[in-house]
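**Q** One predicted model, sequence on top.
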Amino acid sequence: EYCLEPELQVFDRLLGNSDNDSKDGWMNCLLSRQGSLKETTHSRIAFKMECAGVSQSDPEFRRHKKLLLVELHKKIRDKAHYHLSGCAYLRMYADHTFLLDQGEAFVACEDLAPEAVEILAMRSPSYFAGDLRKLRLVMFDELVERVDRHRRQKADDGLGPLLRRNGEDKLEFFRGLKNCVVLSNKGKQSEAGRMSGGDYDGDTCWTCWNSELLKELKRVSPAEDLRDVCDVPSGNGEKSAWTPQNQKDQISYGLESRSHNKLLGNLSEGLDAAIDKEGFDSDVAKELGRASYLQVDCPDKPKLKALDIDELRKKHDLGIPDWKLKGQTLESTKGYYKSTKILGRLYREIEERMKAAIKGFEVVPPNTCVESLIDERVLRMCNEFCVNPGMIEIARKMEENFRYHIQQYSNDKGGKLKEREKMEEMDPREKPKEGDNNVAQNYSDWQQSYFHRKRKEIVPKNLTALDYPKEIKAAFLYKVGMAEEIEYRKRRKTTSWGVQHPDAGGPMEFVWGVAGDTLRQDVFGDGKGLQIHPEKEKVFSRR
């Protein structure tokens, strides 16, 4: 329940149920959560409406807030990330002043609770229970006392003359830090090294001073230095880095890297399931954790085999916990099981509350009387501008099969052009005579009849009614082809525009032909006269 509290506060504020909301309280609460949501159109509009004092019951305001809630739900569900108060991701620094003893840490963070006495520190990725370090927190005042004590006792810190500094220089180092955690360097291993071989080259660690969570966790001894105990034969590792030898080696290295990353993902899935089902201290979790460590942090990586991972998962009957579901239901998926650990309980609790919140966040529909008035106004405007609302649905149907007909026209046209070129290159004495059955059809005549036939296939039959003007049908053809023409020009890397010549190619050639055939049905009746004049483009764009 304590872990759920920060999440539920966000939900309550989104729903407008919180009593202590400030002017922009719920938006700040939502957007300040690290990694929760990126800035979107909905967040910007909702934030402005909140600052402007828009009523919480406003339909448009509720719509944007609901979309934010849906996005937040997806983020939490897909990544299994649950916000916890009193924690932050901080960069790790080494204590080169040697003021911190083994098992101690110094945190420089504005959000640090003054009453905190211990912290949790964990680096990502983590493979063993000991990677979650529980450290004693040292405040700046205590560091000042240690410097004074060393000065009085004239204690030797064991550093050489080049590294030795006075007490004020040591304190100045801690005084100038921001948003970082300083870890002790004393002992056989540094604290970063105890986190599965971490270092101080820019690594960050999750740092938590949440008192409720600290009460539930006990200290666990770190794993041994696996680089010393792992017997990895030399030369059995992954392929060396790229060297300019030959193309075959480059391709082999790329395929090896891709295969390794895929298998590493399967290994990570197995480790999650082993920890969830058997626990950190189980043999299978330790075995998978060791294998994961060797694949990521060991200089000589042993060959990873998918068969070994599958056999290990089958041997221990490792499924997939339900908190790794991404929007699916437990009943509709195979291999998933209902987790009894905290992540599974959190997942199900969040899912139930989020779905209930989203369902209860529906926007109230407008009054039916208002809707009828709006519809009447729309009809009057459509009639005023000679637009039939029924054409909107017609246009959607035309768009569904438009791409197919364009592609078909391109293929058919290519065949006809090749046939025409072949005929032109033939010896005049070998060309078929007029009237023979095997004479190639004239390209222009073929194009006219083709456009006439396609008009009947694209334009629905109910458009033959008198209340649908021919210009409107042609205008919709122009509209559905414009997007295809833009993509065609992007592929051809050309910016020229204007009325297309019949042989210029591209989707608009097809559009002009079918639209021209449509416009002239009243005059010619048979689809002839396909020449499109420049002034027609103005008619199409205006319509």
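**A** Perfect, I can see it now. Numbers count the residues shown, from 1 in each chain.
**Q** any idea of the mean pLDDT for stretch 57-76?
**A** In this model, stretch 57-76 has a mean pLDDT of 76.
**Q** where in the stretch 351-500 of the chain is pLDDT low?
**A** Low-confidence segments of the stretch 351-500 of the chain, defined by pLDDT under 70: 357, 360-403, 427-443, 455-456, 458-500.
**Q** hang on, I meant the stretch 1-150 of the chain
**A** For the stretch 1-150 of the chain, applying pLDDT under 70 flags the ranges 1-43, 78-83.
**Q** which element follows the lengthiest strand in the chain toward the C-terminus?
**A** Taking DSSP state E as the assignment, the strand of the chain that covers the most residues is strand 87-94. Sequence-wise, the next helix or strand beyond strand 87-94 is strand 104-108, with elements assigned using DSSP states H and E.
**Q** by how many degrees do that next one and strand 87-94 diverge?
**A** Here strand 104-108 runs at 120 degrees with respect to strand 87-94, directions being taken by axes from the mean of the first three to the mean of the last three Cα atoms, to 10 degrees.
**Q** Give the other helices and strands that strand 104-108 contacts.
**A** When contacts are defined as 3 or more Cβ pairs under 8 Å, 6 or more residues apart in numbering; DSSP states H and E, strand 104-108 sits against strand 118-123, strand 133-137, strand 180-183. From N, CA and C alone the C-beta is placed, and that goes for glycine too.
**Q** which residues does residue 277 contact?
**A** Under the criterion of Cβ atoms under 8 Å, 6 or more residues apart in numbering, the contact list for residue 277 reads 318, 319, 321, 337, 339.
**Q** related to what we said a few turns ago, quick check: which of the helices and strands packed on strand 104-108 is buried the most?
**A** Stretch with highest mean neighbour count among the helices and strands packed on strand 104-108: strand 180-183 (a mean of 24; mean count of other Cβ atoms under 10 Å).
**Q** all helices for the stretch 51-200 of the chain, in order.
**A** With helices called from DSSP state H, counting those that start in this stretch, the stretch 51-200 of the chain shows them at 59-79, 140-153, 167-175, 191-194.
**Q** What of the stretch 201-350 of the chain?
**A** Across the stretch 201-350 of the chain, reading from the start of the chain, the helices by DSSP H, counting those that start in this stretch fall at 211-216, 226-229, 247-277, 283-296, 306-315, 342-359.
**Q** Just send those back as TSV, with distance to residue 454 too.
**A** Listed next are the helices of the stretch 201-350 of the chain as TSV, based on distance: least, Cβ to Cβ, whole Å:
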stretch	distance to residue 454
helix 211-216	68
helix 226-229	69
helix 247-277	45
helix 283-296	58
helix 306-315	51
helix 342-359	46
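**Q** Tabulate the helices and strands packed on strand 104-108 (TSV), appending distance to residue 106.
**A** What follows is these, written out as TSV (distance: least, Cβ to Cβ, whole Å):
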stretch	distance to residue 106
strand 118-123	10
strand 133-137	8
strand 180-183	4
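**Q** Ok, which of the ones you listed comes nearest residue 409?
**A** Closest approach to residue 409 among the helices and strands packed on strand 104-108 is made by strand 118-123 (59.6 Å; Cβ to Cβ).
**Q** So which elements touch the closest one?
**A** With 3+ Cβ pairs under 8 Å, 6+ apart as the test, strand 118-123 has strand 104-108, strand 133-137, strand 180-183, strand 204-208, helix 211-216 packed against it.
**Q** residue contacts, residue 258?
**A** Counting by Cβ under 8 Å, 6+ apart, residue 258 has no contacts.
**Q** about what we covered before: identify the residues contacting the longest strand of the chain?
**A** 34, 107, 109, 111, 123, 177, 179-183, 185, 190, 192, 198, 200, 202-210.
**Q** Buried among the residues you listed? Need that as a selection in ChimeraX.
**A** Only the buried entries of the contacts of strand 87-94 go into this ChimeraX selection, using 16 or more other Cβ atoms under 10 Å:
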select :107,109,123,177,180,181,182,183,185,190,192,198,200,204,205,206,207,208,209,210
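**Q** For the helix or strand hosting residue 410, buried residues please.
**A** Residue 410 belongs to helix 402-425 when assigned by DSSP H and E. For helix 402-425, the neighbour count (16+ other Cβ under 10 Å) marks 402, 405, 406, 409, 413, 416 as buried.
**Q** Give the burial count for the nearest residue to residue 55 once chain neighbours are set aside, as a bare number.
**A** Nearest-residue entry for residue 55: residue 61, 7.1 Å, with adjacent residues in sequence omitted and distances by Cβ to Cβ, 6 or more residues apart in numbering. If you count neighbours by other Cβ atoms under 10 Å, residue 61 ends up with 19.
**Q** From residue 356, how far out is residue 61?
**A** Between residue 61 and residue 356 the distance is 21 Å, computed by Cβ to Cβ, to the nearest Å.
**Q** Residue 69 too?
**A** Using Cβ to Cβ, one obtains 11 Å as the distance from residue 69 to residue 356.
**Q** Compare these two (neighbour count), which wins?
**A** When residue 69 is set against residue 356 and neighbours are counted by other Cβ under 10 Å, the residue ahead is residue 69, at 20 against 11.
**Q** And residue 123, how close does it get to residue 282?
**A** For residue 123, the distance to residue 282 under the criterion Cβ to Cβ works out to 22 Å.
**Q** which ones are touching the residue nearest to residue 55?
**A** Taking Cβ under 8 Å, 6+ apart as the definition of contact, the neighbours of residue 61 are 46, 49, 50, 54, 55.
**Q** Check residue 337 too.
**A** The neighbours of residue 337, taking Cβ under 8 Å, 6+ apart as the test, are 277, 319, 320, 321, 322.
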